[in-house]
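S.K.: Generate coordinates for the sequence data below:
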Amino acid sequence: MTTKQFNEDVRAAIAASRYAPDMSIAREAGEVINHMLGDGRSVIDPATTIWTAEAAEELRARIGDNPIVGTDQGQWDKLDLQLRDAPKEVVLLAAELIFLRGHPLRSALPETRRAHIERVLSHLDAPATIPEAMSSWLARPAGTAGLDPGSWYNGALWRHVIWASTFVRHWNGLSEAEREAARVDPWELQHVMLASDKDRPDMRNVLQFLARPDVFEPISSKEMKTSIRDGLADRIGGSTGKTPASVDRDLLAIRAALTREIEGPFHFWSPGVRELWDSSPTETASSPDEIAELSEPRPRHYWLYSPGAQASEWEEFAANGILAIGWDQLNDLATYPNREAIRQALDAGKTGGSMRNAVLAVWQFQNEIAVGDIVYAKRGRREIVGRGVVTSEARFEPARASFRHVRSVTWTHIGSWEHPGDAATKTLTDITTDHDYVEKLEALVTDEVEAEEPAISTPLPGYDKAAFLSEVYLSEERYERLRALLTRKKNVILAGPPGVGKTFAAKRLAYSIMGAKNPDRVQMVQFHQSYSYEDFMMGYRPTETGGFTLTEGPFYRFCDAARADDADRPYFFIVDEINRGNISKIFGELLMLIEADKRGHELRLLYKNETFSVPPNVHIIGMMNTADRSLAVLDYALRRRFGFFEMGPGFDSAGFTRWQQDTDSPTLDRLVETVVDLNAAIADDPALGQGFVIGHSFLSQPTDSDSDDAWLYSVVEDELIPLLDEYWFDEPIRAQEWAGKLRAAVG
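M.R.: Next up, the predicted model:
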């Protein structure tokens, strides 16, 4: 076989491995992109040239130079203000960019995609009609093709338009030879996109896919692309680098390699493929971009559920092992991207009503119930008729006469039990947070005997020192010291000023020692001035009948769970604001029992005629804010029993430095430099000191946005300056001086 024939065979195999519906939406959007990269004409109004540097720059300036900060208005309302009185070319350019941004979204409703474009076009002086071809493209039913980037993509409208406008401006500044090279070579096109401005990977990845679906994957998340590549790199002899081009080239080579193992079209998250690269699949995620957003394992939830009015459907549901709800007119619930879309579909009369309970029940049934959750079926308000374990994701069964939204359930208990009090009247209620209520139902139905439940394999995400150091801005040496301190003392307090990531670090420290993200072995409470032994350990609580009952507190129950487990499996009890509580009042006799050398020793409890001990596998992690002026000196008895670990700003840590370099923001660099100088001034102030410096969390990237100038401006105005006003309330001139320096850094 010749090299040419071999390459043609590989290309043919790759083409056959791609889903036809995805290729179809790329071809449709490709008509718009061809004009973007070619003659510059509008698809909506072919007589008008819109893909010009001038139109792109004005659109960019209207949004980028006129940011509307705050949450009082939605992103589409803000865009309306920014497009007010815009020239025709700019409005049409915005509309077609909105089309490119929204067209590949799998879950978006056709009416929503169309409404967004019509909303932009409403800014034209003369009405414009969406062409017939584009109308047919927009009519594609939700859930049939495309990608699911998640809420972080949906909420980044203005950032996407700014980046795309900047790319169009850059494209028009290239020579014709450079443009022709990029039209022909997908890697050259990617190079041009990357060179246009600071990278916006999610929007760039979408445009790459729409322009060249034969080469690029329908995945918007940079992190997910890298995860897939790294997980399958052995198929191609190892990865070739970390750059976007390296990752995409590797993914193309991996797809070619997988065509020899997998028959027919596939995505990287298709059954049988995802398992090859993802060692800890998440049950509730359905696409790679959704998976990228999930950082914590989800604990089991408990639900109260009505199987039809007065349990009218219970006999069928119990016999068939299902859980089902009505609202059949909505058809497949998987096609609704958010609650508002459900509300609009239910509000056929356009009354504007909230329909809150119905919308919530439908949304939770489809999106929030998870495999392994416990469901209690009820009849009316006074009777429980069953208890079950959810064993499947939601599905739509159009062949059913009614109640077509279905999940599979193993009903572990079927019978009749008198409900304690009046049950909620809603179809579906998440009762997870009402621990006493859940315990009453569990005791009522299971008679305190652990039910025979089906084995549900949901592997926990692994977590180790490397994962900790990649997320927490702490050096490896200090991590080892902190881990050794907790292991030796059993109890530590993370002390530091605001914004150094104490709470974030506490849970991840626990995970790193456990070796997995297991929320079942971690519990958190927060102390305050009114917190008591009765809240923490046990005490008498009033009942609905006017009496009192002895109730066990969270620490008592946590120790019971740890004691029942293998002694080599560590448990972690986290206390936020530990120095806000009256320690002697809260801990009582526990002050002795929590000492490392007193673990396993027993004392008789204050409220109960039994002895109690703190198991050796229980560790306590407390957090203390050193900048809180309202706090008294920490109890010396507690100081002796806890190791203290000072946490400071991590601006000079390897993790923060790496993130700062990757962000590549001159504004962020200036602000970091200013805050470091500010911290030196705070530390030198006799009235403040090191315990009041500004932590790195203030300037760390939020999970759903970039560190752009608007966000940094908000950090300065809404967080840092008010904090300085509090610090230097008696020195307003000094506070104003530093406020000016901070504003200058982001100005």
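
S.K.: For the stretch 151-300 of the chain, give me the ranges with low pLDDT.
M.R.: 151-152, 155, 279-298 (pLDDT under 70).

S.K.: which residues of it fall in helices?
M.R.: Shown for the stretch 151-300 of the chain, the helices assigned by DSSP state H, counting those that start in this stretch span residues 151-154, 157-172, 176-184, 186-196, 201-211, 222-232, 244-258, 274-277, 288-293.

S.K.: export those helices to CSV and tack on distance to Leu441 and mean neighbour count?
M.R.: C-beta: built from backbone N, CA, C; applies to glycine. Converted to CSV, these look like this (distance: least, CB to CB, whole Å; neighbours: other CB atoms under 10 Å):
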stretch, distance to Leu441, mean neighbour count
helix 151-154, 33, 17
helix 157-172, 44, 22
helix 176-184, 63, 13
helix 186-196, 55, 18
helix 201-211, 43, 23
helix 222-232, 39, 20
helix 244-258, 47, 19
helix 274-277, 36, 16
helix 288-293, 32, 22
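
S.K.: Out of the ones you listed, flag the one nearest Gln82.
M.R.: Across the helices of the stretch 151-300 of the chain, Gln82 has its closest neighbour in helix 157-172 (7.9 Å, CB to CB).

S.K.: one step back: turn the helices of the stretch 151-300 of the chain into JSON lines, including distance to Leu97.
M.R.: Listed next are these as JSON lines, based on distance: least, CB to CB, whole Å:
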{"stretch": "helix 151-154", "distance to Leu97": "14"}
{"stretch": "helix 157-172", "distance to Leu97": "5"}
{"stretch": "helix 176-184", "distance to Leu97": "18"}
{"stretch": "helix 186-196", "distance to Leu97": "14"}
{"stretch": "helix 201-211", "distance to Leu97": "9"}
{"stretch": "helix 222-232", "distance to Leu97": "20"}
{"stretch": "helix 244-258", "distance to Leu97": "21"}
{"stretch": "helix 274-277", "distance to Leu97": "32"}
{"stretch": "helix 288-293", "distance to Leu97": "20"}
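
S.K.: With Tyr473 as the reference, name the closest of these.
M.R.: Closest approach to Tyr473 among the helices of the stretch 151-300 of the chain (CB to CB): helix 222-232, 18.5 Å.

S.K.: now the angle from the closest one to helix 201-211?
M.R.: Counting by axes from the mean of the first three to the mean of the last three CA atoms, to 10 degrees, helix 222-232 lies at 70 degrees to helix 201-211.

S.K.: just to revisit the earlier point, nearest to Val90, out of the helices of the stretch 151-300 of the chain?
M.R.: Val90 sits nearest to helix 157-172 of all these, at 9.4 Å, using CB to CB.

S.K.: what's in contact with the closest one?
M.R.: 36-37, 51-53, 55-57, 59-60, 63-64, 67, 75-76, 78-79, 82, 93-94, 97-98, 100-101, 179, 192-193, 195-198, 200, 202-204, 207, 705-706, 708 (CB atoms under 8 Å, 6 or more residues apart in numbering).

S.K.: let's see 7 Å
M.R.: With contact meaning CB atoms under 7 Å, 6 or more residues apart in numbering, helix 157-172 is reached by 36-37, 51-53, 56-57, 59-60, 63-64, 75, 78-79, 94, 97, 101, 179, 192-193, 196-197, 200, 203, 706, 708.

S.K.: of the helices of the stretch 151-300 of the chain, which approaches Met355 most closely?
M.R.: helix 151-154 (21.7 Å).

S.K.: Show the low-confidence segments of the stretch 301-450 of the chain, by residue range.
M.R.: Counting by pLDDT under 70, the stretch 301-450 of the chain shows low-confidence ranges at 352-354, 447-450.

S.K.: Helices of that one, start to end?
M.R.: Counting by DSSP H, counting those that start in this stretch, the stretch 301-450 of the chain has helices at residues 314-320, 339-346, 356-363, 435-446.

S.K.: Measure how far the shortest one is from the centre of its chain, please.
M.R.: Relative to the centre of its chain, helix 314-320 is centred 36 Å away, using CA atoms, centre = their mean, to the nearest Å.

S.K.: Just list what it packs against, helices and strands only.
M.R.: Of the remaining helices and strands, none touches helix 314-320 by 3 or more CB pairs under 7 Å, 6 or more residues apart in numbering; DSSP states H and E.

S.K.: buried set for that helix?
M.R.: For helix 314-320, a neighbour-count test (16 or more other CB atoms under 10 Å) marks 314, 317-318 as buried.

S.K.: Can you tell me which of those is closest to Pro21?
M.R.: Phe317 (34.1 Å).

S.K.: Verify the contact between the closest one and Gly308 for me.
M.R.: No - between Phe317 and Gly308 there is no contact under CB atoms under 7 Å: 8.2 Å.

S.K.: ok, back up a step: may I see the helices of the stretch 301-450 of the chain organised as JSON lines, with distance to Asp125 added?
M.R.: As requested, those are arranged in JSON lines below (distance: least, CB to CB, whole Å):
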{"stretch": "helix 314-320", "distance to Asp125": "58"}
{"stretch": "helix 339-346", "distance to Asp125": "29"}
{"stretch": "helix 356-363", "distance to Asp125": "38"}
{"stretch": "helix 435-446", "distance to Asp125": "60"}
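
S.K.: Mind checking these for the one nearest to Leu174?
M.R.: Nearest of the helices of the stretch 301-450 of the chain (CB to CB): helix 339-346, 40.3 Å.

S.K.: So for the closest one, what gets flagged as buried?
M.R.: Applying 16+ other CB under 10 Å to helix 339-346 flags 339, 341-346 as buried.

S.K.: Throw the residues you listed into a markdown table and include distance to Tyr511, thanks.
M.R.: Output for the buried residues of helix 339-346, formatted as a markdown table (distance: CB to CB, whole Å):
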| residue | distance to Tyr511 |
| --- | --- |
| Arg339 | 31 |
| Ala341 | 35 |
| Ile342 | 35 |
| Arg343 | 38 |
| Gln344 | 40 |
| Ala345 | 40 |
| Leu346 | 41 |
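
S.K.: so what's Arg488 up against?
M.R.: Arg488 makes contacts with Ala596, as judged by CB under 7 Å, 6+ apart.

S.K.: Met592: neighbouring residues, count only.
M.R.: As a burial measure, Met592 scores 14 neighbours (other CB atoms under 10 Å).

S.K.: ok, now the one 5 residues further on?
M.R.: Burial of Asp597 is recorded as 7 neighbouring residues (other CB under 10 Å).

S.K.: what does Asn582 give?
M.R.: If you count neighbours by other CB under 10 Å, Asn582 ends up with 16.

S.K.: Need phi/psi at it.
M.R.: phi -80, psi 100 (degrees, to the nearest 10).

S.K.: Among the buried residues of helix 339-346, pick out the one closest to Phe642, please.
M.R.: Distances from Phe642 to the buried residues of helix 339-346, taken by CB to CB, are shortest for Arg339, at 44.2 Å.

S.K.: residues in contact with that closest one?
M.R.: With CB under 7 Å, 6+ apart, Arg339 has these contacts: 359, 363.

S.K.: any idea how far it is from Leu304?
M.R.: Applying CB to CB, to the nearest Å, the value for Arg339 to Leu304 is 20 Å.

S.K.: Ok, Trp137 next?
M.R.: For Trp137 relative to Leu304 (CB to CB), the value is 44 Å.

S.K.: returning to what we had before: with Arg670 as the reference, name the closest of the helices of the stretch 151-300 of the chain.
M.R.: With CB to CB as the criterion, Arg670 lies closest to helix 157-172 of the helices of the stretch 151-300 of the chain, at 20.3 Å.

S.K.: Name the single longest strand found in the chain.
M.R.: Longest strand in the chain, counting residues (DSSP state E): strand 405-418.

S.K.: Would you mind writing the CA trace of stretch 673-683 as CSV?
M.R.: Provided in CSV are the C-alpha atoms of stretch 673-683 (Å, rounded to 0.1, in the frame of the first residue of the first chain):
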residue,chain,number,x,y,z
GLU,A,673,2.1,43.5,42.5
THR,A,674,0.0,46.2,44.2
VAL,A,675,-1.6,43.7,46.7
VAL,A,676,1.8,42.3,47.6
ASP,A,677,3.0,45.9,48.4
LEU,A,678,-0.3,46.5,50.3
ASN,A,679,0.3,43.4,52.4
ALA,A,680,3.7,44.6,53.4
ALA,A,681,2.1,47.9,54.6
ILE,A,682,-0.5,45.9,56.5
ALA,A,683,2.0,43.6,58.1
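
S.K.: Alright, I will stop here.
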